[in-house]
Each structure stands twice: as structure tokens, then as C-alpha cells.
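> coords please:
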Amino acid sequence: MSKSDDEAARLHRSTADACNWGSAFDVVVVGGGSAGIGVTASLLRRWPALRIAVIEPSDKHYYQPAWTLVGGGAYDAELTVRRMADVMPEHAEWIHAQASAFDPKNNLVVLADGRKIGYRQLIVCPGIRLASHTWSLVQYYLMWRILCHR
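Numbers count the residues shown, from 1 in each chain. Sure thing, here's the model as predicted:
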């Protein structure tokens with residue numbers, strides 16, 4: 001195992017422990033995309049003592065703003081993908097799970113496995129979920145536009 005793999009494993013183990021804490025987080029962020037990671041990093045930079053949890057089921061982080069460059073052939077698609085553990089802000093707790101419901105009366109996020117995460121403030125930025133064939137459809141559409149509009 002490389003040093004970064006060891007760190008990812010340590011981070012992943014700590015997320016399971018975080019889900020068993022009895023007290024609420026100061027902030028829970030639903031979504032580990034560019035918005036979720038960005039707002040988490042910004043809050044921790046301003047208030048380092050905040051207890052922030054990021055609920056994100058994916059092991060990978062996709063930098064979607066670069067996808068327009070990929071579509072235009074100006075950027076390599078592989079460079080838009082990083083491991084979630086590598087982009088998770090230090091001192092944020094990554095809860096590697098899927099949010100399935102909100103209980104705002106009790107300040108809880110319900111996870112797909114039934115666990116509940118408490119919060120004082122909630123930020124919801126889940127992003128989009130792409131179907132496995134989405135990119136091929138985009139490429140087909142782009143090719144169709146090129147051929148039909150010459």
C-alpha cells in the first residue's frame with residue numbers, strides 16, 4: 001500500500017466512526033462535488049473549529065467544470081477524476097454513504113442504511129448522477145451537430 005492509500009484507508013475508517021457519534025455536527029454538507037468540497041473548505045478556512053461532515057457515497061470526485069473543455073477536445077477526461085479522499089478538506093469528516101431523506105424538524109439527515117446524522121446547519125448540494133451512457137450520448141449529439149451543420 002502506498003502512503004496515499006494508507007491515508008485514504010485511515011480517512012475511510014474514521015468516517016465509519018463519525019456515523020456513530022451521538023452528538024450533532026455543526027454543519028452537514030450533502031454532496032462531495034465541487035460545490036460541497038468548496039463550501040466545506042471555505043467554512044473550515046474561516047472557522048477551523050467547526051465540526052463538518054460531508055455525506056458523499058462516491059469514492060471519486062469529478063471536476064465537472066472542466067467537462068466543457070473535454071467535450072471540445074482541449075482537456076483530457078482522466079484529469080477531471082480524483083480520489084474523494086484526496087480532495088476532502090482536512091478536518092472534515094467524510095461520511096461515505098448516500099443520503100436518502102431529510103428530517104428538518106429534528107435536524108437530521110437519514111442515510112440509505114438507516115443511520116441518522118444530526119446537524120445545526122445543513123447545506124445541500126448533491127450535484128447530478130450521470131447514467132453510464134450519458135457521455136456517449138453527448139458525443140453522438142456533438143457529432144450529429146457537426147455533420148448536419150456543415
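> Tell me which residues touch the spatially most central residue of the chain, please.
Geometric centre of the chain, nearest residue: Gly32, 1.4 Å, by CA atoms, centre = their mean. Gly32 is in contact with Val54, Ile55, Glu56, Ser58, His61, Met84, Val87, Met88, Trp94, counting by CB atoms under 8 Å, 6 or more residues apart in numbering. For every residue, glycine as well, the C-beta is placed using N, CA and C.
> just to confirm, which helix or strand has the fourth one in it?
It refers to Ser58. Assigned by DSSP states H and E, Ser58 belongs to no helix or strand.
> tell me the pLDDT at it?
If you check Ser58, the pLDDT there is 92.
> check contacts around it.
By CB under 8 Å, 6+ apart, the contact set of Ser58 is Gly32, Met84.
> what about 10 Å?
Ser58 makes contacts with Gly31, Gly32, Gly33, Arg83, Met84, His96, Gln98, Gly127, Arg129, as judged by CB atoms under 10 Å, 6 or more residues apart in numbering.
> Out of those, who's the most crowded?
Using other CB atoms under 10 Å as the neighbour test, these are led by Gly32, with 27 neighbours.
> what about it, which SS state?
Three-state assignment for Gly32 (DSSP: H, G, I helix; E, B strand; the rest coil): coil.
> how about the nearest residue to it, chain neighbours excluded?
Glu56 (2.9 Å; CB to CB, 6 or more residues apart in numbering).
> give me every residue that touches that neighbour.
Glu56 makes contacts with 15, 29-33, 36-37, 84, 88, 94-99, 126-127, as judged by CB under 10 Å, 6+ apart.
> How about Ser34?
Ser34 sits next to His61, Tyr62, Tyr63, Gln64, Pro65, Ala66, Val87, Cys125, Gly127 when contact means CB under 10 Å, 6+ apart.
> in the sheet, who's paired with Val110?
As for beta bridges, Val110 partners with Ala101, Lys116 under DSSP bridges.
> per-residue confidence for it?
pLDDT at Val110 comes out at 94.
> Tell me the spacing between it and Gly73.
Val110 sits 43 Å away from Gly73, going by CB to CB, to the nearest Å.
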